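S.K.: here is my input; please provide its structure:
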Amino acid sequence: MNAYRKYFNDDELRQLAESEPSWGVNVKTVGHYVHEPNKAYPDPKHPASHYFNWERGRRLKEYQMVYISNGKGIFEYSNAEPVVVEGGTLFLLFPDTWHRYKPLKDTGWEEFWVGFDGHYAEYLMRQDCFSPQNPVLNMGFNTEFLNVFIRLIDTVKYEGIAYTQMSSCLVIQLLGLVYASALMTEKSRSRQEHIIRAIRYKIHQNWADELDLEKLASEQNVSYVWFRKAFKEIMGISPGQYHLNLKIEKAAQMLKETTLLVSEVAAKAGFESEFYFSRIFKKKMNIKPSDYRKGIEK
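M.R.: Numbers count the residues shown, from 1 in each chain. Model (predicted):
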């Protein structure tokens, strides 16, 4: 597909408004571009109305959907941490919300975008799944979504201002596909959280035992590979390390609150030997168990 971009100026937008109703969604810009590796971004043809540089970032007066179909890059918005963007990622830009994005120099990327406003657009973008606090969605390589995007570009490119309603309808269709994808992601996330919560309960219930994590996963009818990935995604740590950290936490509590010998604490916390316990405790806490008990500074 050849590169194409269209940014409607004020006169064109007035003609569009007079030609036929927009159904409450006005297309302000639409396009497709393949940004090659090792080139400055955005390219020099980017119009002044939408231009930005990396240092200052940008705020728009409209909504935009930006879909990255290939390549890699970085997206930042508001005060959030930078997000790594890969092929299949869509990010939503909200009016008056600071943002910046660019492809990685060594990969470049292929992008599709549409900018829009209007009273129905405002209504759609107020739905729960369209949030300025969470504007990044993983659409994957969605052929239906891409086909609608291409139809939208072709409509603007070949049909001119006579097809206001068609372009508005296609933007609404795109938002519907994004909404459906967000709901599916939310449903999947909800299932993940339910399973991880159940297994975490088992880990806490049997924290001093030598747990068979594969068996715990099997009891929830999921593979260990799926469980480990989901656990790390939600908790930020592998299940094995989570269990180990919990044992160290409980052992530290016993060192402070009981008079048990270090060897007895090690046994009660499920460690195979005092030596192994002391080595792991020092590695995790940066202090020996005996010094921790005495309150000696690290």
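
S.K.: mind listing the helices for the stretch 51-200 of the chain?
M.R.: For the stretch 51-200 of the chain, applying DSSP state H, counting those that start in this stretch gives helices covering 119-125, 143-159, 164-205.

S.K.: okay, those helices in TSV with distance to residue 286 and mean neighbour count next?
M.R.: Placement of C-beta: from N, CA and C, glycine included. What follows is the helices of the stretch 51-200 of the chain, written out as TSV (distance: least, C-beta to C-beta, whole Å; neighbours: other C-beta atoms under 10 Å):
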stretch	distance to residue 286	mean neighbour count
helix 119-125	48	16
helix 143-159	49	17
helix 164-205	24	16
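
S.K.: can I get those in TSV with distance to residue 54 and mean pLDDT?
M.R.: TSV is the format used below for the helices of the stretch 51-200 of the chain (distance: least, C-beta to C-beta, whole Å; pLDDT from 0 to 100):
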stretch	distance to residue 54	mean pLDDT
helix 119-125	26	91
helix 143-159	26	88
helix 164-205	26	83
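
S.K.: distance to residue 265 for the ones you listed - can I get that in a markdown table?
M.R.: Listed next are these as a markdown table, based on distance: least, C-beta to C-beta, whole Å:
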| stretch | distance to residue 265 |
| --- | --- |
| helix 119-125 | 56 |
| helix 143-159 | 56 |
| helix 164-205 | 19 |
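
S.K.: closest to residue 237 out of those?
M.R.: Nearest to residue 237, of all those, is helix 164-205, at 11.4 Å by C-beta to C-beta.

S.K.: tell me the helix or strand right after the closest one.
M.R.: Downstream of helix 164-205, the next assigned helix or strand under DSSP states H and E is helix 213-219.

S.K.: buried set for that following helix?
M.R.: 213, 216-217 (16 or more other C-beta atoms under 10 Å).

S.K.: list just the nearest of the residues you listed to residue 60.
M.R.: residue 217 (44.9 Å).

S.K.: leaving out sequence neighbours, find the closest residue to that closest one.
M.R.: Spatial nearest neighbour of residue 217, excluding adjacent residues (C-beta to C-beta, 6 or more residues apart in numbering): residue 227 at 3.8 Å.

S.K.: residues near the one you found, how many?
M.R.: Residues near residue 227, counting by other C-beta atoms under 10 Å, number 21.

S.K.: SS state for it?
M.R.: When classified by DSSP: H, G, I helix; E, B strand; the rest coil, residue 227 comes out as helix.

S.K.: how about the contacts made by it?
M.R.: 195-196, 199, 213, 216-217, 220, 239 (C-beta atoms under 8 Å, 6 or more residues apart in numbering).

S.K.: with residue 288 instead?
M.R.: Going by C-beta under 8 Å, 6+ apart, residue 288 touches 278, 281-282.

S.K.: highest neighbour count among those?
M.R.: residue 281 (25 neighbours).

S.K.: let me know whether that one touches residue 289 as I believe.
M.R.: Yes - between residue 281 and residue 289 there is a contact at 4.9 Å, judged by C-beta atoms under 8 Å.

S.K.: would you mind measuring from the nearest residue to residue 172 once chain neighbours are set aside to residue 96?
M.R.: If the residues on either side of it in the chain are set aside, residue 172 comes closest to residue 25, at 5.9 Å by C-beta to C-beta, 6+ apart. With distances taken as C-beta to C-beta, to the nearest Å, residue 25 is found 19 Å from residue 96.

S.K.: now do residue 228
M.R.: 41 Å.

S.K.: of the two, which one has the most company?
M.R.: residue 228 (17 against 9).

S.K.: show me what residue 111 is bridged to.
M.R.: residue 33, residue 68 (DSSP bridges).

S.K.: residues contacting residue 88?
M.R.: Applying C-beta under 8 Å, 6+ apart to residue 88 gives the contacts 68-69, 138-142.

S.K.: in PyMOL, select just the buried ones from these.
M.R.: Selecting only the buried entries of the contacts of residue 88 in PyMOL, with 16+ other C-beta under 10 Å as the criterion:
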select buried, resi 68+69+139+142
